[in-house]
Structures are given as structure tokens and as C-alpha cells.
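> Output the structure for:
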Amino acid sequence: MTKRLTAEFIGTFWLVFGGCGSAVLAAAFPEVGIGLVGVSLAFGLTVLTMAYAIGHISGCHLNPAVSIGLYIGGRFDAKDLLPYIVVQVLGAIAAAALLYLIASGKAGYDIGVNGLAANGYGEKSPGGYGLQSAAIIEVVLTFGFLIVILGATDKRAPAGFAGISIGLSLALIHLISIPVTNTSVNPARSTGPAIFEGGVALDQLWLFWAAPIAGAILAGLVYKWLGKAD
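Reported below is the predicted structural model:
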């Protein structure tokens, strides 16, 4: 268990540092900014790379919603749920802390203005989308993400390709929803940056726990029926 939890910490750190780091450090760079597509790809690549690095150790959840969805779907032991969620959140916080340390080394950086790629709705939504839109898209996209995960890791699925489909799925999710919420589908990913940004980001954090978990629970229930052999 110690090795599994360490792997989850490292993997979640990699996801937040790589994904949010691409948004904070590279997306807005004047000459070679990677933009929405680049950030989406970065998030997908973090999961794809860690799937093959630690998938055989911890399952590479990197996300409390994934752990909960796998538990609901009968793929994960209840006794391991809380420890996984705790280390995922700690990994995200550590990544956000290091990212803040790096970002603040640039002259003129202001966390209140530039942020750490926290999620949000209303005034915190990149496209100005409200609470209803944010809640719907986070539930729907987390549902889809968990269906992909549950299906790709099914014993009947082609072996060796799960990491690719899951990573590409996360990239697709970001392409859709960065304008709406800056894309969460992961309560740990949302928590790390929100803690350091504070203010509105922290006030709105509840949604980025509630909506992804709701989507994950729904997906777990649906796949339990959908994936059941006749």
C-alpha cells in the first residue's frame, strides 16, 4: 500500500504540475504560447505517460472521482478509497505549491491576476459561463471520462491500449470545457490551485468536488450494467 500511495502522489503531482503548469507558464507566453489546444494536450499527456509508468503499481487513478467511480463500478476496494483520495489531494497541493514558486519568479507575476489555472464559473469562467453550465459540463464530462476508463480497463478490452484512450479522452475533455470551467473533472486538480489562489477560486471549489463525483458515481452505476456479461 505504501508503494501504491506513493505512486498516486507522484502521478497526481505530475498531472497538476504538467497540466496547470502548461497553462500558467506556457499558454500565455507572448511568442510561442501553446493556447487551449496545447494545454489540452498537456493534460492528456500527463495521464497517458503516468498510465504506463505507474498503472501497474497503483492503477493510476490520479483523481478522487476516478477512485470513487471505480469503487462504484466494483473495481476498487472501499478500504483503499480514503487513503487514495488523501494522497491525490496532497500531490495536487504539492504541485500547485511548486508551480507557484516557479511562476512567482517572473517579474510582474501576481497570483491574484495571473492565477494558477484554478477552476471556476461566473467571473472565474474563462468564457463567462454560469453555475448551471459549469455543473452540467463537469458532470457530463466526468461521466464520459469514467465510462472510457471503465471500458478501456475492462478485461475484455484490447490489452495495452488503456493509457492511450484515457489520455486522449482527457485531452478531448479539455478541448471542450476549458472555456467553461477551465476543466476540472478532478477534485484534487481543482483543490491544489484553489488553495493558493484563495478568494473566489476557494469559494467555488465545492462545485468541483460535487459535480465530478456525481458524474463518476453515475458512470460507475451505468457501466456496472453496461459492461455486465449477458
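> Packing partners of the helix or strand of the chain with the lowest mean pLDDT?
In the chain, the helix or strand scored least confidently by mean pLDDT, DSSP states H and E is helix 111-114, which has a mean of 87. Packing partners of helix 111-114 (3 or more CB pairs under 8 Å, 6 or more residues apart in numbering; DSSP states H and E): helix 81-103, helix 187-197. Glycine gets a C-beta too; all of them are placed from N, C-alpha and C.
> Enumerate residues external to it that contact any of its residues.
Val24, Ala28, Tyr100, Ala103, Ser104, Phe196, Glu197, Gly199 (CB atoms under 8 Å, 6 or more residues apart in numbering).
> redo that, cut-off 10 Å
Contacts to helix 111-114, defined as CB atoms under 10 Å, 6 or more residues apart in numbering, come from residues 24, 28, 100, 103-104, 106, 108, 118, 193, 196-199, 201.
> Check those residues for the minimum pLDDT and say which it is.
Ranked by pLDDT, those bottom out at Ala28, which has 70.
> Setting aside sequence neighbours, what's the nearest residue to that one?
Spatial nearest neighbour of Ala28, chain neighbours left out: Asn114 (8.0 Å); criterion: CB to CB, 6 or more residues apart in numbering.
> Tell me which of the helices and strands packed on helix 111-114 sits nearest to Ala159.
helix 81-103 (24.0 Å; CB to CB).
> can you pull the contacts of the residue nearest to Asn182 when sequence neighbours are not counted?
Setting aside the residues directly before and after it, Asn182 is nearest to Asn119 in space (CB to CB, 6+ apart), at 4.8 Å. Applying CB under 10 Å, 6+ apart to Asn119 gives the contacts 125-126, 134, 138, 177-178, 180-187, 189-191, 193-194, 201, 204-205, 207-208, 211.
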